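Trainee: Only the shape, not the letters, is given here:
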Ligand code: HEM
């Protein structure tokens, strides 16, 4: 996985938990002492996913709660770092339609096989009031998709109503519908 996600998770750890807890979490996920994460480097998918399980175990919460927190932290960072993407698509539906393209463009520095891997994870279809996402990844991060979509919508005064047409939050292949409503009308 591209370093952006593990790097953000690590920034989250550095600001939210004491150094001993961070060391425990990295160790539990199989990373050596002193591990740092670069944005432009690829890291092992399984170890990155294990980070979230390790945070949940060490802090006594659920992986869903960790993904919800990381999503908010990630969007704070992404809005500062990639403000251009957010300006192009100020509403949630527009951003979710652009999201696969954003991922593919960030993967440009990878080898061809790595680029394909990132591009194959997401295929989006437009709906009049939202998007239908075809997600396919052995990382099974459908919950992360939903958490990010909900968080993004909340920041834009919208509510994301999410349903699975196929698979579920833990599936390697899922079809996820996100329908957006103004927060006041929800
Ligand atoms: C500017 C905003 C964003 C940036 C810079 C960004 C960047 C990234 C990067 C670099 C990865 C790792 C890709 C890989 O190596 O396979 C990733 C993974 C992911 N992103 Fe984003 N992302 C953004 C917004 C979003 C949004 C809004 C969503 C969902 C609504 C989303 C959903 C996901 C999911 C589900 C994964 C994990 C995919 C997997 O490995 O199965 N991202 N993102």
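Mentor: Cool, the structure landed. Being a predicted model, the structure only gives us computed values, none of them experimental. Residues are numbered from 1 along each chain as shown.
Trainee: Could I get the contacting residues of residue 127?
Mentor: With contact set as C-beta atoms under 8 Å, 6 or more residues apart in numbering, residue 127 has these partners: 177, 179. C-beta coordinates here come from the backbone N, C-alpha and C atoms, glycine included.
Trainee: can I assume residue 175 sits in a helix?
Mentor: No - with DSSP: H, G, I helix; E, B strand; the rest coil as the criterion, residue 175 is assigned strand and is not in a helix.
Trainee: average model confidence for stretch 61-78?
Mentor: Stretch 61-78 shows an average pLDDT of 97 in the prediction.
Trainee: Contacts for that stretch next, please.
Mentor: Stretch 61-78 has contacts (C-beta under 8 Å, 6+ apart) with 5, 8-9, 11-12, 16, 52-53, 55-56, 59, 85-86, 143-144, 147-148, 150-152, 155.
Trainee: Among those residues, which ones lie close to the ligand?
Mentor: 5, 85, 144, 148, 152 (C-beta under 6 Å from any ligand atom).
Trainee: Pick out the most distant pair among these.
Mentor: Using C-beta to C-beta, these span at most 17.8 Å, a distance reached by 85 and 144.
Trainee: related to what we said a few turns ago, sort out for me which of the contacts of stretch 61-78 are in helices.
Mentor: Applying DSSP state H to these, the entries found in helices are 5, 8-9, 11-12, 16, 52-53, 55-56, 59, 85-86, 143-144, 147-148, 150-152, 155.
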